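Enquirer: here is a sequence together with a model predicted from it:
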Amino acid sequence: MCRPSLEGLRCAALAERAISVAVDRLWGIGTTVAHPLVLTFGELLVRLATPDHQLLEQASTLGVSFGGAEANVAVSLARFGVPVRYVTRVPDNSITRAGRRLMEAFHVDTSHIVTGGDRVGLYFVEPGIAQRPSRVVYDRTGSGMALIQTGDVSWKAALEGCTWFHTSGITPALSESAAAATMEAVAAAQAGGLTVSIDLNYRAQLWQWSKTPGEIMAELVSHADIVFSNEEDMDKVFGIKVPRMGAQTEALEPQRYAPACAELQHRFPNLRAVAVTLRESVSASENYWSAVLATADGFHTSQRYRIAPILDRVGAGDAFAAAAIRQMLSGSANPQAILDFAVAASCLKHSICGDFNLVDADDVDQLAVGDGTGRIVR
């Protein structure tokens, strides 16, 4: 069976024209909607993590929670008070019902989740410490989301009332059909006048089918307004390298990322902003964290945070994306303020166990304005 092209799906969505939204060209955000609604699309995962930094080989118990890149973004947005809808495909069983109830408890709209398939995706986390890195093992083959097909989601209904659509490179990496479904979603979102953001989120373990990440992601990013990335994503997906000077552990120079961001914007002229998170790993327990943001307004760099000890770094990029989206939706025309808030939010994620970033906007604002002492709040 031939996979539908993104252009064909886009034309079909244009014909329906499900959503009509006036658009502000600053971030591509509709301005006629009083309460912007974000839709995120990706796989809901069960996370199984070893306690006390144990190896998987030695652990006799595993901590169970839920996660997944786009679910993480949805929960974080909800914690910031942003109305958010989450779409995925999962089997109907007691595990996924628990996951839906959890998302709903965080005030995430799950009414357009599609039921299908026989199993939910799993991933196992072995948290690193000191010089031993964290490791992830995926068990997602044949999951409900991996087997999603175009047409499974009624995008006309799911996107109703939405002004922003977010997904990541993890979703199309799952399978050819998941990639086609992601293209269908992006086409419908763009045709409906939504802002489209994509996190490149390269996962080498998942890209096991015939198309390369660069082929698929180029087609998706060509229709995006905002891209989130890190240095490895830009290299592995698009071959855009950031030259390093000296050892791998050297302090990163943010200005060195300006040409890479400019190259991505040159390849994809539709992009209004490119955000790149920068991680310097002293060890698994100590990192330096910062980011850059390239917009039409210029190239912006953030504060550099020392994070030690790290409780859990999984989901930091998702926390960054959610915080940036929140600031853009707030109408901020100040790229530096957007960047500062996003970096502070994702810095705090390192102190929270599990995939979800459970801080609120006041927590982030406190750190963003310079109070990183961690003094007790009474």
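Expert: In hand now; what should we look at? Given the structure is predicted, the values throughout are model-derived calculations rather than measurements. Numbering: from 1, shown residues only.
Enquirer: drop to CA atoms for contacts and neighbour counts, all remaining ones
Expert: Noted.
Enquirer: check which helix or strand covers the nearest residue to Ile148 once chain neighbours are set aside.
Expert: Counting by Cα to Cα, 6 or more residues apart in numbering, Ile148 lies nearest to Ala178, which is 5.6 Å off, once chain neighbours are set aside. Assigned by DSSP states H and E, Ala178 belongs to helix 176-191.
Enquirer: can I get that helix in PDB, CA atoms only?
Expert: Taking C-alpha atoms only, helix 176-191 is exported to PDB below (Å, rounded to 0.1, in the frame of the first residue of the first chain):
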ATOM      1  CA  GLU A 176       6.100   3.700   8.800                       C
ATOM      2  CA  SER A 177       2.400   3.900   9.700                       C
ATOM      3  CA  ALA A 178       3.100   6.100  12.700                       C
ATOM      4  CA  ALA A 179       5.100   8.400  10.500                       C
ATOM      5  CA  ALA A 180       2.200   8.600   8.000                       C
ATOM      6  CA  ALA A 181      -0.200   9.300  10.900                       C
ATOM      7  CA  THR A 182       2.100  12.100  12.100                       C
ATOM      8  CA  MET A 183       2.300  13.600   8.600                       C
ATOM      9  CA  GLU A 184      -1.500  13.500   8.500                       C
ATOM     10  CA  ALA A 185      -1.700  15.300  11.800                       C
ATOM     11  CA  VAL A 186       0.800  18.000  10.800                       C
ATOM     12  CA  ALA A 187      -1.000  18.500   7.600                       C
ATOM     13  CA  ALA A 188      -4.400  18.900   9.300                       C
ATOM     14  CA  ALA A 189      -2.900  21.300  11.900                       C
ATOM     15  CA  GLN A 190      -1.200  23.500   9.300                       C
ATOM     16  CA  ALA A 191      -4.300  23.500   7.100                       C
END
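Enquirer: tell me the secondary structure at the residue sitting nearest the centre point of the chain.
Expert: Centroid check for the chain by Cα atoms, centre = their mean gives Asp318 as the closest residue, at 4.2 Å. Judged by DSSP: H, G, I helix; E, B strand; the rest coil, the three-state class of Asp318 is helix.
Enquirer: my read: it touches Val73, true?
Expert: Yes. The pair Asp318 / Val73 is scored as a contact, 5.4 Å apart, by Cα atoms under 8 Å.
Enquirer: thinking again about what came up before, next structured bit after the helix holding Ala178?
Expert: Helix 176-191 is succeeded, C-terminally, by strand 195-199 (DSSP H and E).
Enquirer: now that following strand, how far from the chain's geometric center?
Expert: On the basis of Cα atoms, centre = their mean, to the nearest Å, strand 195-199 is displaced by 9 Å from the centre of the chain it belongs to.
Enquirer: got a list of what Gln205 touches?
Expert: Tyr138 (Cα atoms under 8 Å, 6 or more residues apart in numbering).
Enquirer: any stretches of this protein with poor pLDDT?
Expert: 1-26, 28-34, 244-250, 376-378 (pLDDT under 70).
Enquirer: helices along that one, start to end?
Expert: 6-16, 69-79, 94-105, 155-158, 170-173, 176-191, 213-221, 231-238, 258-267, 316-329, 335-349, 361-368 (DSSP state H).
Enquirer: so what's Ala319 closest to, chain neighbours aside?
Expert: Nearest to Ala319 is Ser346, by Cα to Cα, 6+ apart, at 5.0 Å.
Enquirer: much appreciated, bye for now.
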